[in-house]
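Engineer: make a model of this:
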Amino acid sequence: MRAIGANPWIWTSPVDDAALATLVPRLAAWGFDAVELPIEQTGDWDPARTSDLLATHGLAAAGVCAVTPPGRDLVCTDAATVASTRAYLRACVDAAAAVGAPCVGGPVYAAVGRTWRMTPAERRACYADFRAGLAPVADHAGERGVTIGVEALNRYETSVVNTVEQTVELIDGLPASVGIMLDTYHMNIEERDPYAAVAAAAPHIKHVQVSGTDRGAPGSDHLDWPRLLEALDKAGYTGALCIESFTADNATIATAASIWRPLAQSQDRLALDGLAYLRGITAAG
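Structural biologist: Numbering: from 1, shown residues only. Below is the predicted model:
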């Protein structure tokens, strides 16, 4: 049976030691298998303490989520910004290795919300910038047994990569430690056929985030989830499915993720309904 995880962003931001101490026991008691661990700022949570906490409650670290606020960029920027972004991503890799997470995933190319028009030639140059910028981090990850999952975002959040096809082009030539993190929310907006997109991503899938098409619970939306899971099975992806959503109670994260209204009766209900639905269809499969 496929592991199912949850991201603490469903309830809180930033995710720190105190938040994990509260949420990890609850997730374990509810029947989750794994946790996604965001790092908004290096040091938000202690890797050794988190590793012990997860082990105590029988949960795995499904992945570490890299966060790219303004000023965290590898493309079309200055050398100092590239250097500081690399340092942050290396710290994410080290944290992932310390807690046994297989992947660091996120939009590791540019700050969320940064958009600009590019000619085909400018796009090729942007992608070359990314490969040069990420290469040392990719080597660092490979040495530590961690992969990097590059996440395509929707057109309102980035102009660098919006589709699987673009992401495959973006990572071409990088080491095997670099692949793709799929996010069903963004795929629903940008992919004409999200199930075919999964197949196109197949050789590169490192991690998968799931949510309803409105960022609510999986199963409460119009996505054909059994078909999506079948596509992931055919793609050979055996990793966790991690529910990612965001609380509307934190102004910063709600604004960044455009959460303007509650997406469920409660955040607990969002997680529990998503877990029950995904558990049901994975068991049926």
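Engineer: hang on, residue 88 packs against residue 42?
Structural biologist: Yes. Between residue 88 and residue 42 there is a contact under Cβ atoms under 8 Å: 6.3 Å. Where you see a C-beta, it was placed from the backbone N, CA and C, and this is true even at glycine.
Engineer: more neighbours: these two, which one.
Structural biologist: residue 88 (19 against 12; other Cβ atoms under 10 Å).
Engineer: so what does the top helix by length along the chain touch, helix or strand wise?
Structural biologist: Longest among the helix segments of the chain by residue count, using DSSP state H, is helix 120-143. Judged by 3 or more Cβ pairs under 8 Å, 6 or more residues apart in numbering; DSSP states H and E, helix 120-143 is in contact with helix 79-99, strand 147-151, helix 164-171, strand 178-183.
Engineer: now do the buried residues in the third one.
Structural biologist: Right, helix 164-171. Within helix 164-171, the residues scored as buried using 16 or more other Cβ atoms under 10 Å are 164, 167, 168, 170, 171.
Engineer: repeat that for the second one.
Structural biologist: For strand 147-151, burial by neighbour count (16+ other Cβ under 10 Å) applies to 147, 148, 149, 150, 151.
Engineer: list the contacts of it.
Structural biologist: Contacts with strand 147-151, where a contact means Cβ atoms under 8 Å, 6 or more residues apart in numbering, come from 63, 89, 93, 102-109, 134, 137-138, 141, 161, 167, 170-171, 177-183, 186, 205-207, 209.
Engineer: so what are the sheet partners of it and their directions?
Structural biologist: Strand 147-151 has these partner strands in its sheet, going by DSSP bridges: strand 103-106 (parallel), strand 178-183 (parallel).
Engineer: go through the ones you listed and pick out the most buried.
Structural biologist: Across the strands paired with strand 147-151, the average number of neighbours (mean count of other Cβ atoms under 10 Å) peaks for strand 103-106, which reaches a mean of 29.
Engineer: now that one: how far from the chain's centre is it?
Structural biologist: From the chain centre to the centre of strand 103-106 is a distance of 6 Å (Cα atoms, centre = their mean, to the nearest Å).
Engineer: now stretch 124-134
Structural biologist: Distance, centroid of stretch 124-134 to centroid of chain: 21 Å (Cα atoms, centre = their mean).
Engineer: for it, list the C-alpha coordinates in PDB.
Structural biologist: Provided in PDB are the C-alpha atoms of stretch 124-134 (Å, rounded to 0.1, in the frame of the first residue of the first chain):
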ATOM      1  CA  ARG A 124      17.100  28.900 -23.300                       C
ATOM      2  CA  ALA A 125      19.500  31.200 -21.500                       C
ATOM      3  CA  CYS A 126      17.400  31.100 -18.400                       C
ATOM      4  CA  TYR A 127      17.400  27.300 -18.400                       C
ATOM      5  CA  ALA A 128      21.200  27.200 -18.900                       C
ATOM      6  CA  ASP A 129      21.500  29.600 -15.900                       C
ATOM      7  CA  PHE A 130      19.500  27.200 -13.900                       C
ATOM      8  CA  ARG A 131      21.600  24.200 -14.800                       C
ATOM      9  CA  ALA A 132      24.800  26.000 -14.000                       C
ATOM     10  CA  GLY A 133      23.300  27.300 -10.700                       C
ATOM     11  CA  LEU A 134      22.000  24.000  -9.500                       C
END
